[in-house]
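>>> got a predicted structure plus its sequence, pasted below:
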Amino acid sequence: MGYLENIPSLAYFSPEILLVVFAAAVIILDLLIKNRESQKTAYLALVGLGCTLVAIIITNSFSDANETKNLFFGMIRLDGFAVFFKILLLLATAATILFSLRSEELDAKLKGEYYALLLAVTFGMFLMASSTNLLMIFISLETVSLTSYILAGFLTHSPRSSEAAFKYITYGAVASGTMLFGLSLIFGMVGSGDLATIGQQLPIVLANGNVTALGVLIAITFILAGIGYKIASVPFHMWSPDVYEGAPIPITAFLSVASKAAGFALFLRFFHSGFGKPEVVQSIDLGLLLAIVSALTMTIGNLAALPQQNVKRLLAYSSIAHGGYLLMGAVLLTNGDAAIVNKGIGAIIFYLIVYFFMNLGAFYVVVLMANEAGTEMIEGYRGLSSRAPLVAGAMAIFLFSLTGIPFLAGFFGKWVLFTAVLEGKLYWLAFVGLINSVISLYYYARIAKAMYFEAAEDTDRLSFSKGTFALLSVFVVPTIFIGLLNIFYSLSENIKLQ
Amino acid sequence: MSLQHYLVISSILFTLGIFAVLTRRNAISILMGIELILNSCNLNFAAFSRFVIPLEEVEGKIIQNIDGQIIAIFGIVLAAAEAAVFLAIILAIYREFGSIRPDEVDTLKG
C-alpha cells in the first residue's frame, strides 16, 4: 500500500496542526488577560475545537469516504474509522470545556493552562485513533497519559486531587513501560514497526518456527497491560476508582468517555491490523483470553459498584463495567469471519456513541449537584425530584439508559452489542453480560430511589440557569431518541477497518 | 556479544524495575524502578534493530536500518518527560501530605 511523504501529508494533518496552534494561542491569551476571572480562554479553546471540526470535515471531503491515506511514510492512517473517532473525541472535549465553565471546583487563576492541556490531550487522542506504527502508538499513548496525569491533579490545595494524580501516574507509568517492553518484543519478532507489516510477517515467522506461540502470547499480554490500563479493564483497573473520585468532575467525565474511546480506537486498530490474522489468533487462543478479561471486567466493575456511597466513585465502577461490555465486541475481532469482525467493530462504535451521551449527561448532573448542593454523596441526592424536578428526571433517564432499560439509548446499544456477540457464537459471554446488566440495575436504581422516594433534609428548591437546561437537553434528547434513528446504525455499520 | 546477551540484560533490568515498583516504600524509588523498565525497553529496541533487521543495500552502499534506534531515542525523551511530571506530582503530594511514602497517601479507598 502506498503512502504519502511528509510535505503532502501536512494538508491531511491540518486538524491536528490546528489543535496545537490553538493550544499555544490559549496559553498566550492567558498571559495577556488581566482579569483573572475572565473565561475568554475557554471560549478560544471552543473556537479552536470548532475550527478543527471544520478541518476534519474538509480534509475528509478531499477523498471519498472509504479511501484510506497513509500519511508521513505510513506512520498515521486517515480513514473513516479515524475520522469517526476524531469527531467523537472532539465533541467529548467540547463537552468537557462546557462542564468546566460551569464547574466551581477549578481555580480561576490556572484556567488558561487547563484549557491548553485539554486541547493537547485531544491532540494525543487524535493520534491514538490514527497511528499505524509502534513508535507512533507509544508516543500518542504517552502524550495522552502525561497530560491526563496533570489534569487529574489540577486542583491545587486538594489532597484528593494530588493523590489521584499520584496513583494515576504510578499505575500509568508501569503499565506503559510494560507495554513498551511488549512492543519491543514484537518489533524484534518481525523487524519492523509498521502494523501492516507485523500483520503479514507474524503468521510467517510463526509458521517457520522462528518465533514460538508462547513468545507472541507473552508480548501480547505485556501490550494488553498498557491498553487495558487505558480502557480500565481488569486486572489493570485499580487506578480508576481513586482517580475518578479525586480528579475534578469535568476531567472524570472526560477520562471516562474520551480516554476510553481513544483506548478502544487504538485497541481495535492494533489488534485488527497487527494480530487479526486467523493463524495468529488460533495459535495463541487470543479470543478466549479477551473473553475472560471482558467477563471479569464487567463482573468486577458491577459488583464493586454495589456498596458505593459516592456518586463519582459509583460511576467510576460503572464505567469499568461498560468497558467490559465494550470488550465483548472486541472479542469478535478474533473471529475468523470478516462479516462478524465488522459487526463487532460496528457494535463498539454504536455503543460508544450511546455511551458518550448517557455517561457525559450523568456526569453533568454530578457537576451541577456539586455546585448547587455541594455534595457528591448519594444522600445529597435525596428528594431531588421535588428540589429540582427537571434535573432529577434527566438523571433518572441517564441512569436507566446506563442500565439498558427499554427503550432508551442504552438498551439499543446493548442490543446491538449482544446480538453481535451471539452471532459470534459466544453464548456464555452474552449470558454473563446479561446477568451483569441485571446486577447494575440495583446500584443505578439506588440513586433514582434516593431522588424520588426519600425525603430531603434540605428542602429548598435548587435553581439552575437556562444555559444549564439547554446543555442538559443536548444529552437527554439523544439518550431518549438515538436508538430510534436509523442513521446511527448505518453510520456504525459503514465504518470498517482495513 | 550476541543478541541473547542484550536480551538477558534487558530482561534482568525489566524484572528489577518491576521489583522496585512493587516493593519500595518511597515514591522516588518507584520512579527509579519505572526508569529501569523504560530503559530495558530501549535496550531491547536498539539490540533488535542491530541484530534482527538485515543490512540493506541502497545506491551501492550497505546501510543499517535504524528504526529501532530511533524508537529508543524517543523512548529516552518520553522517559525524561515522564520523570518531570512524576517529580512535579511527588512535590504536590509532599505539600499536601508531608510525606512521599505511598502507603501514607491513602485517603481515597473503597
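Received the coordinates, thanks.

>>> low-confidence stretches in chain B?
Flagging of chain B using pLDDT under 70 yields the residue ranges B:110.

>>> with adjacent residues omitted, what lies nearest to the one residue sitting closest to the centre of it?
By C-alpha atoms, centre = their mean, chain B has its centre lying nearest to B:L38, at 1.0 Å. Nearest residue to B:L38 in three dimensions, chain neighbours excluded: B:A79, at 4.3 Å (C-beta to C-beta, 6 or more residues apart in numbering or on different chains). The way it works is simple: take the backbone N, C-alpha and C, and place the C-beta from them, glycine included.

>>> centre of the chain versus the helix or strand hosting the one you found, how much separation?
Following DSSP states H and E, one finds B:A79 within helix B:67-97. Relative to its chain's centre, helix B:67-97 lies at 10 Å (C-alpha atoms, centre = their mean, to the nearest Å).

>>> contacting residues for A:G274?
Neighbouring residues of A:G274 by C-beta atoms under 8 Å, 6 or more residues apart in numbering or on different chains: A:I186, A:L195, A:I198, A:G199, A:L202.

>>> I misspoke; the intended subject was A:A338.
Going by C-beta under 8 Å, 6+ apart, A:A338 touches no other residue.

>>> can you tell me how far A:L127 sits from A:F356?
20 Å (C-beta to C-beta, to the nearest Å).

>>> ugh, wrong one, A:G346
Counting by C-beta to C-beta, the separation of A:G346 from A:F356 is 16 Å.

>>> ok so, going back, quick one: which of the contacts of A:G274 is nearest to B:G33?
Nearest to B:G33 among the contacts of A:G274 is A:I186, at 23.4 Å by C-beta to C-beta.

>>> report the contact partners of that closest one.
So A:I186 contacts A:L134, A:I198, A:V216, A:A219, A:I223, A:G274 (C-beta under 8 Å, 6+ apart).

>>> farthest pair in the residues you listed?
Longest span within those, C-beta to C-beta: A:L134 and A:V216, 14.8 Å.

>>> okay, those two: which has more neighbours?
A:L134 (26 against 21; other C-beta atoms under 10 Å in any protein chain shown).

>>> I figured the more buried one hits A:G193, correct?
Yes. A:L134 lies in contact with A:G193 (C-beta atoms under 8 Å); the separation is 4.0 Å.

>>> now do the shared contacts for those two.
A:F187, B:I71.

>>> go through the host helix or strand of A:F123 and flag the buried ones.
Secondary structure assignment for A:F123, by DSSP H and E: helix A:111-130. Neighbour-count burial for helix A:111-130 flags A:111-130 (criterion: 16 or more other C-beta atoms under 10 Å in any protein chain shown).

>>> do it and chain B meet?
No. Contact of helix A:111-130 with chain B (C-beta under 8 Å from any C-beta of the partner chain) is absent, the minimum separation being 11.4 Å.

>>> list the contacts for A:A305?
Per C-beta under 8 Å, 6+ apart, neighbours of A:A305: A:L314, A:Y317, A:S318, A:A321, A:S440, A:Y443.
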